[in-house]
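# Sequence first, predicted coordinates after that:
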Amino acid sequence: MPHSYSSNRLHIVFSTKNRENLITTELQPKLWAYIAGIARKIGMQGVVVGGIENHLHIFASLPATLTLARAAQMLKGSSSKWINDHGYAEAKFAWQEGYGAFSVSASQTVNVVRYVENQVEHHAQHSFEEEFVSFLTRHGIGYDANDVLG
């Protein structure tokens, strides 16, 4: 077969270091656009970015030639450097060490995109910690609460 085909739709979630509220409402649209640009540059398609002050969500299709770990490293590394180089955060900006990544079926694409785009409304009712644990539970991922929420 001369070509490779894949469907790697992912919902990626990561927070600021110590879940600090460092992503101001003024910074959010700039940061979401910057991260979407990085994602497209590394070959991700269908990119949607959203979040609130202490974390973000990315929905995108990962190309067959790029590992999830490399994509997360590039997204987090480039964006934190951009924030610090431009002085967009009051303190030194950093992302948490890890991330969550959850596969998305084609039939759920519209729902996940809507979810990512409506983070402000969602977090009026649920904390990031509640949300993240819910993702882990729904996807059958075992975790140690001290590592996830510690």
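Received the coordinates, thanks. Since we're looking at a predicted model, the values are computed, not measured.
# so Lys81 is in which element?
Taking DSSP states H and E as the criterion, Lys81 maps to helix 68-85.
# next structured bit after that helix?
Assigned by DSSP H and E, the successor of helix 68-85 is strand 100-103.
# residue boundaries of the strands in the chain?
Counting by DSSP state E, the chain has strands at residues 9-15, 45-52, 55-61, 100-103.
# re earlier: please name every helix or strand in contact with the helix holding Lys81.
strand 9-15, helix 28-41 (3 or more CB pairs under 8 Å, 6 or more residues apart in numbering; DSSP states H and E). The C-beta positions use only the backbone N, C-alpha and C, and glycine is treated the same way.
# What residues sit buried inside that helix?
Neighbour-count burial for helix 68-85 flags 71-72, 74-76, 78-80, 82-83 (criterion: 16 or more other CB atoms under 10 Å).
# and what of stretch 46-65?
Quick answer for stretch 46-65 (16+ other CB under 10 Å): 47-62.
# Next: stretch 25-40.
27-28, 31-32, 34-36, 38-39.
# How many residues are close by Thr109?
Burial of Thr109, expressed as a neighbour count using other CB atoms under 10 Å, amounts to 16.
# Please name the residues that touch it.
Each residue near Thr109 by CB atoms under 8 Å, 6 or more residues apart in numbering is listed here: 9, 46, 59.
# Ramachandran angles for the closest residue to the first one other than its chain neighbours?
Nearest residue to Arg9, sequence neighbours excluded (CB to CB, 6 or more residues apart in numbering): Val104, at 4.1 Å. Dihedral angles of Val104 (phi, psi; degrees, to the nearest 10) stand at phi -130, psi 130.
# Just list the residues touching Val104, thanks.
Contacts of Val104 (CB under 8 Å, 6+ apart): 9-11, 59, 112.
# If you rank those residues by neighbours, which is first?
Neighbour-wise, the contacts of Val104 (other CB under 10 Å) top out at Phe59, 24 neighbours.
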